[in-house]
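*Asks:* let me see the structure of the following:
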Amino acid sequence: MLIDYQHVELRHSEQVVLSDISLQVEQGEFIYLLGKVGSGKSTLLKSLYAETPIHSGEAHIFNYDLKKIRRRDTPYLRRKIGIVFQDFQLLIDRNVEQNLLFVLKATGWKDKKAIDAQIQHVLNLVGMSNKGYKMPHQLSGGEQQRIVIARALLNTPEIILADEPTGNLDTNTGREVMELLYAIAQGGTAVLLATHNTQWTEQFPGRKLLFDNQHVIAQ
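*Replies:* Predicted coordinates:
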């Protein structure tokens, strides 16, 4: 089991955001986090990579106890998780390959051949193998999101967390990004995807978790 939450409560500035969360996630699952803006979807995702602390309950991810995790262990946890943001967060002064190189060096990669091979590998996975020299502003929104997914895949994560990954994209481009994330899950990487766009749940079937009134309800 990758994630095991039992009766977890999450707070923001001492205000309860989510309470009594019980959630288990297995390898290769595709899970939707559904709910209005402000319902706690992002808070739950942030708790998984130790940005939002666990207020109470039991919370484990991989072999880490999130209530007891030491600050020096947090980077090792985060290397096992790929994060896809709605707003891309690419470094605008570097091209695609340099963006990916920055992440690999920051996470301890040193061998130049291995780095070059991994960059090419993830670009191939997202269908962007010929875009490595491009600057972010030279890419469409959909292309930028593919690069963000490539970045999330660099350290071969066991879990991808995607927070409104199609929120800034038109419907057709959004569908292409969803197809890519769905294929990643079918390859064995669990994907937790926060969205308010319920049409995707019909086109790409997965487990649904509804965020409502400070609770997470399995659908």
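*Asks:* what residues of stretch 21-35 count as buried?
*Replies:* The neighbour-count criterion (16 or more other Cβ atoms under 10 Å) identifies 21, 23, 25, 29, 30, 31, 32, 33, 34, 35 as the buried residues of stretch 21-35. Heads up, the C-betas are built off the backbone N, CA and C, glycines and all.
*Asks:* those residues in strands, which ones?
*Replies:* Taking DSSP state E, the ones among the buried residues of stretch 21-35 that sit in strands are 21, 23, 25, 30, 31, 32, 33, 34.
*Asks:* now residue 217. Nearest residue, chain neighbours left out?
*Replies:* Among residues not flanking residue 217 along the chain, residue 210 sits closest, at 4.6 Å (Cβ to Cβ, 6 or more residues apart in numbering).
*Asks:* I figured the one you found was touching residue 201, is that so?
*Replies:* No - proximity of residue 210 to residue 201 does not meet the contact threshold set by Cβ atoms under 8 Å, at 10.8 Å.
*Asks:* returning to what we had before: now for the ones in strands among the buried residues of stretch 21-35, which pair is the farthest apart?
*Replies:* With distance counted by Cβ to Cβ, no two of those lie farther apart than 21 and 30, which are 19.1 Å apart.
*Asks:* now do the contacts for residue 140.
*Replies:* Residue 140 sits next to residue 173 when contact means Cβ atoms under 8 Å, 6 or more residues apart in numbering.
*Asks:* could you report the separation of it from residue 146?
*Replies:* Residue 140 sits 9 Å away from residue 146, taking Cβ to Cβ, to the nearest Å as the criterion.
*Asks:* now swap in residue 217 and tell me
*Replies:* Here the distance between residue 217 and residue 146 works out to 32 Å (Cβ to Cβ).
*Asks:* who's more crowded, these two?
*Replies:* residue 146 (24 against 12; other Cβ atoms under 10 Å).
*Asks:* once you drop chain neighbours, what's closest to that one?
*Replies:* Distances taken as Cβ to Cβ, 6+ apart place residue 126 nearest to residue 146, at 4.3 Å, with adjacent residues excluded.
*Asks:* for that neighbour, what are phi and psi?
*Replies:* Reported as degrees, to the nearest 10, the phi and psi values for residue 126 are phi -100, psi 10.
*Asks:* that one and residue 204, how far apart?
*Replies:* With the distance defined as Cβ to Cβ, residue 126 ends up 17 Å from residue 204.
*Asks:* the two - which one has more neighbours?
*Replies:* Relative neighbour count places residue 126 above the other of residue 126 and residue 204, with 22 against 17, counting by other Cβ under 10 Å.
*Asks:* just say helix, strand or coil for residue 5.
*Replies:* Three states are possible here, and by DSSP: H, G, I helix; E, B strand; the rest coil the one that applies to residue 5 is strand.
*Asks:* give me the residues contacting stretch 101-118.
*Replies:* 75, 79, 91, 94, 119, 151, 154, 155.
*Asks:* would you check that the last one makes contact with residue 83?
*Replies:* So that's residue 155. No - contact criterion Cβ under 8 Å: residue 155 and residue 83 do not qualify, at 11.1 Å.
*Asks:* and the helices in the protein?
*Replies:* Residue ranges of the helices in the chain, as given by DSSP state H, are 41-48, 74-79, 96-106, 112-125, 141-153, 171-186, 199-203.
*Asks:* fine, thanks again, bye for now.
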